[in-house]
Each structure stands twice: as structure tokens, then as C-alpha cells.
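> Sequence and predicted structure below; questions after.
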Amino acid sequence: MHKFLRVTLASVIGFGAMGVAANLMTKEAKAVEIITHWVPHEVYGQIGEPDNNGKVFFSGLGAKYMGYPKDSGAPPYPGKYSKFWKTLPAYRYYIPDYMYNRDEVRPSNPIKGTFQLEQCIACHSVMTPGIVRDYKKSAHSRAEPSPTGCDTCHGNNHQKLTMPSSKACGTSECHETQYSEQGQGGIGSHASCSSFAQVECAWSIERPPGDTAGCTFCHTSPEERCSTCHQRHQFDPKVARKSEQCKTCHWGKDHRDWEAYDIGLHGTVYQVNKWDPKQFDWDKKLADADYVGPTCQYCHMRGGHHNVQRFSTVYASMGMSMADRGAPIWKEKRDRWASVCDDCHSPRFAKENLQAMDESVKDAGLKYRETFKIAADLVKDGVADPMPKDLCPDWSGQHIWSLKIGAYHDDPAFGGKAGESGEFRMSNCTDIERLCFESVGYFQTYIYKGMAHGSWNDATYSDGSFGMDRWLVNVKQDASQARRLAALEKKVGITWVPESFWKTGEWLDQLTGPYIVKNHPGKTIFDLCPDPGWLDTHHAPAEEVEYINRKIKELGWATGHDAHHGDTHDEASRSMGKTH
């Protein structure tokens, strides 16, 4: 690069001035080196330099991967696979009870002393004035007989300040009812967003923390903190009643709730009327709300109840799984959910639209099963390129096929023991596996979310049904080419050895699988983490178990005697068979 600059300068100002230019470059070399988008002359084979030296490396070229801070003191988070789930210091604000409030992990603080509310306000009016302004507008500041102050929530010993969690808000003196309600949900509720969906999620466990930080911030927020929905430090309930408050988490590729609601009929009614207090009176509690159209909270937190699953039927992995929600076992719940629509629609209209949603998901499931079978047959026949054995070790330290869900796909060709799951990978897998994941994880969920929220565009044109069509065609085409190539190689006697980049690389070497193979040879993550996890003990709330057991009895069904996952599961999760 220096040679390039010298030649360029020479061509512009002439060789007569080269000495002056050379002196100038010598004086500015260090500055140029730092602020220029640096591309080393030898990009490939470059040893690389530490990425903490301040240089600006174009697209990261030439920078040496340093990994997350080893001396950050970021504490572990409890859970089945927590020893392999790496954390970052910033997580402490989203998981305060485990990563901020305990003495052994509490961040250092230079201020010493014990302070009362008035002293906190006096100091923070200068240090963090925005917080003080918001607090003075809150109901907390006007509480009787005395304000709920900084010292109430954070403590008054400045050396042992706490970061309030939802548990801190849920005391008997404050918001016990709401806290109790929030914790009543099962899988798919706010109550399981972190403890199950993060530290028991293979995708999250496998990757370095910087790659999943966004997942962690989002998933821990509703389980661990009330302030995610009740914006601090005003904590104004009017704000928490508006649909936009759900938008931060509930949108995007695999949980497209906001987009579906926003462009659906309900969202349109909301958007054109939300500024009119006669149509949306935000001062009214949800229990008294008489909106012109539904908000997220009006339907999913009916009457202000904080268990967002209270009026749902059965959790189906955001639409990735199939269930006939109109079946006899779910009829009572379906009728209850349809009653939410009774303010504006007839029961028949609501039930028939919900039935249309079921049919749409069923048809999508047919399409995905066809897509999945094509991919599965390639693995069974040994012609997938690459095969699981040719890849970097997976999250468990093995070579389980990424689309194997242990409870359902126990074919030996997929790898792993019975019940051990692969991981929905989006990288370092065959293109067909990626297309399968996107077909069910993105497009099928678009269909479900679109039909559930009255967004027909999402369900069809906007990568819903039509997206699944495209990916099914691509999978068929890719599979056809893979089989033709395998047949040609067999005919001419070629034994193909997959490229090494499937097994190792700067990125791949940071994953959990290679770490387990290197540091725990002969072991898998299932061997190293044998204790029951959240899913084993909390998968179904007591209310849900009671409901299912009651319906089983009413329908004359008999429960099996062998739980699929072991004796820790309740009767409702055991196999069911129709009595004859």
C-alpha cells in the first residue's frame, strides 16, 4: 500500500517533489496506518494483527480474532448447558439476579456510603439527569405514604447496589400478582424466554457470545426484567398498553408477529386511530378497555393478565410444528380464544377464521414434509455433500445431522443416540439443510403468523406459501444434481474427499463442538451435562397439566406408562392412545 501511495503521488506532483512527499508520508505514516481502511498487501496467508490495536481493517481482513474478553469476569448463567454458554459483561443488565446482584459478580463501584432518596436525586440530577427527569414523572415518585425511590429498588449501600429484576418488582408490597401471572406460562411464554430458549437452545450454546448477543438481550428481557415492557424510569402503564411496545422482540425472520399485525386489518385499524383518545383511551386499564380495534395486549393479555399464554391453545414452536387446534382435546381452549374476538365478531366468524389458519399450517406442513424427506433421503443414501461426518463437530461434539430432532428422528443414519438432537444450523451445512430450515423456520411461520393476525400478504405472497414453493423447487433441483454427480463419480471410480474448509476455519474453531472434542475427548455435551434442564421440569405449567389430564379423562383416552424423556415428565406428556 505504501508503494501504491508513492507511485500515485509521483504521478500527480512529479518526481521532483518526491523527497518532500516522502518526508510527509514518514511523518504521517502511523496516522494513515490507523485511519485508512487497511488491506494488507498479502491478504491470504497474512499472519494477522491483534484486533485491539486500533487499526481499521477493511471487512476484518488482516485482523486476528481475539475472542470475547477473557478477563471480563463475566459470570456463568445457570442452566443445563450453562458451562458451555459463554457470556459477555453486558449480559449483567439483562440477567441481573445471576450476573449483577450477587456479591461475587457485582461490578465495582467507586462511591462509598449509604444514601437516601433525596441524596440519590441530588447527585443523579447531575450524573444521569434523564433518569431523574423520568423518575419524577412516575407514579413511584408520587406513591403514598412515601415514594418508591431509588433506594427501594436499588438499595442504599452504594457498594452493594442491585439491578432490579422482575423478582424485585414482584414482592408482596408491590406487584406480586403481575409477577406471579407472568411466571405461569410454559414453553413459548415470557416465563421461558431465557431459561429454556437460550441456555437449552443448541444454536445459542454452539456459538461464541458476540454472535448471539442480540438473541440473549431479547430473550432475557421479558423473563428477567419488567422494564422491558414498562419503560424505566417512568414505568407508565399507558406506554405498556400500546402495540409498539411489543415490537422490539416480536418481529423479524422467525417471529414475524409485528409485521403480520401491522399490515393486517387489525394493525391498520390501530395505526389510523391510535392518536384519537376517543378510539383508544390509553388511560383505561386493559380490563376496562373499549378500543375500536385490538392491540397486542388487548388479545394476548386479556383483562391485563400477565400470562400471555392464558388464552392460547397449544404451543407449536411459533408455527413450525403442526397441531389441530380444533381437535376435541383443544376445543375448550379454542372456544375460549374465539371469545376474545366476540367484541367485534360473531363466534362463527372467529372460529372459521381460526380453522382457516389451521388448514393453512397443515398445507404448509405437507410441503415441508416433502422438502424434509428429500433432504433426509440424501443423508440415508450417503450422497449429501457434505455428509454430517465431513463437517466440523456439531454443538454436542458429535456429527448429528442438523435436521434431526431427537425425540422424533431416531434413524441411525442421522447420528447420535436415540433422543439426542441435532441443531438447526444456518452455516456449515449443506445448502439443502439451510433451505429446509428456512422453509419451516421462516416461511411456514410467516403463514401461521399471517393467518393468525389477518395478514394475508404474509401468508402467501410475502415469502409465506410462495417462499416455501421456491425453496421446495430449489431443494429438488439441488438433490437431483447431487444424485447425478454421485452416480457419475461412482461410474468413473472417483472417491470424493470433501474440502477441509467444512471441518476447520477461523469461525468454526470458535464453536462448542471443536472445544468439546479437544478438551473432553470421547465425551459429548449430553455426557457432560446430564442434569435435568428447564424443559425437563417446567415444560408444562400446572394449569396446563390439569387441563390436559381433565380432557384426557373426558375423552376416554388412556395414558401410556413409558414417558419418552424419562420419569421427570408428568402424565400429560406421556404417550396417549385411544381406548377401544
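Arrived safely. Numbers count the residues shown, from 1 in each chain.
> Can you give me the neighbour number for Gln279?
Residues lying near Gln279 (other CB atoms under 10 Å) number 15. In short, each C-beta sits where N, CA and C put it, glycine included.
> and if you look at Ile494?
Neighbour number of Ile494 under other CB under 10 Å is 11.
> Roughly how far does it sit from Leu378?
18 Å (CB to CB, to the nearest Å).
> same deal with Val199?
To Leu378, Val199 is 32 Å away according to CB to CB.
> quick one: low-confidence ranges for this protein?
1-52, 58-59, 62, 64-76, 559-580 (pLDDT under 70).
> In it, which residue is most central in space?
Compute the mean C-alpha point of the chain, and by CA atoms, centre = their mean the closest residue is Cys215, 4.4 Å away.
> Just confirm that one contacts Gln198, I think it does.
Yes: between Cys215 and Gln198 there is a contact under CB atoms under 8 Å: 6.8 Å.
> Find residues that contact each of these two.
Common neighbours of Cys215 and Gln198 are listed as Ser204 (criterion: CB atoms under 8 Å, 6 or more residues apart in numbering).
> if we can go back for a sec, can you confirm the residue nearest to the centre of the chain is in a strand?
No: under DSSP: H, G, I helix; E, B strand; the rest coil, Cys215 falls outside any strand and is assigned helix.
> Can you name the next helix or strand after the helix or strand harbouring Gly467?
Assessed by DSSP states H and E, Gly467 sits inside helix 465-492. Per DSSP H and E, the first helix or strand lying C-terminal to helix 465-492 is helix 512-519.
> other SSEs contacting that following helix?
Applying 3 or more CB pairs under 8 Å, 6 or more residues apart in numbering; DSSP states H and E, one finds that helix 512-519 contacts helix 202-206, helix 525-528.
> which residues are in contact with it?
When contacts are defined by CB under 8 Å, 6+ apart, helix 512-519 is touched by residues 84, 205-207, 392-398, 504, 508, 523-525, 528.
> State the distance from the nearest residue to Cys429 once chain neighbours are set aside to Lys503.
In this structure, Cys429 finds its nearest non-sequential neighbour in Ser402, 5.0 Å apart by CB to CB, 6 or more residues apart in numbering. For Ser402, the distance to Lys503 (CB to CB) stands at 15 Å.
> Ala384 now?
According to CB to CB, Ala384 and Lys503 sit 15 Å apart.
> higher neighbour count, those two?
Each of Ala384 and Lys503 has its neighbours counted (other CB under 10 Å); Ala384 has more, 23 against 17.
> and the gap between the more buried one and His175?
Counting by CB to CB, the gap from Ala384 to His175 is 53 Å.
> same check, this time on Gly406
39 Å.
> Repeat that for Ser312.
Going from Ser312 to His175 by CB to CB gives 23 Å.
> Please apply the same query to Asn474.
Taking CB to CB, one finds Asn474 at 50 Å from His175.
> Likewise for Met163?
Taking CB to CB, one finds Met163 at 17 Å from His175.
> which of the two has more neighbours?
Counted by other CB under 10 Å, Met163 and His175 do not tie: Met163 has more neighbours, with 21 against 18.
> you'd agree the more buried one is in a helix?
No: assessed with three-state DSSP, Met163 is coil; it does not lie in a helix.
> who are the neighbours in contact with it?
Residues in contact with Met163 (CB under 8 Å, 6+ apart) are Arg92, Tyr93, Pro96, Tyr100, Asn101, His154.
> again, only this time at 10 Å
With contacts defined as CB atoms under 10 Å, 6 or more residues apart in numbering, Met163 is in contact with 92-97, 99-101, 106-107, 153-154, 224-225, 227.
> Which ones among these map onto strands?
Using DSSP state E, no member of the contacts of Met163 falls within strands.
> wait, which of those residues is closest to Ser189?
Distances from Ser189 to the contacts of Met163, taken as CB to CB, are shortest for Glu224 (13.6 Å).
> Can you report how many residues lie near the residue nearest to Thr504 when sequence neighbours are not counted?
Excluding the flanking residues, the one nearest Thr504 by CB to CB, 6+ apart is Cys392, at 6.6 Å. Neighbourhood size, Cys392 [other CB under 10 Å]: 21.
> Looks like Cys392 contacts Glu506 (just checking).
No: counting by CB atoms under 10 Å, Cys392 does not reach Glu506; the two are 11.8 Å apart.
> Pro208: neighbour count?
Neighbours of Pro208 under the rule other CB under 10 Å: 16.
> nope, Ala197 is what I meant
With other CB under 10 Å as criterion, Ala197 counts 19.
> Identify the single longest helix in the chain, thanks.
Longest helix in the chain, counting residues (DSSP state H): helix 347-380.
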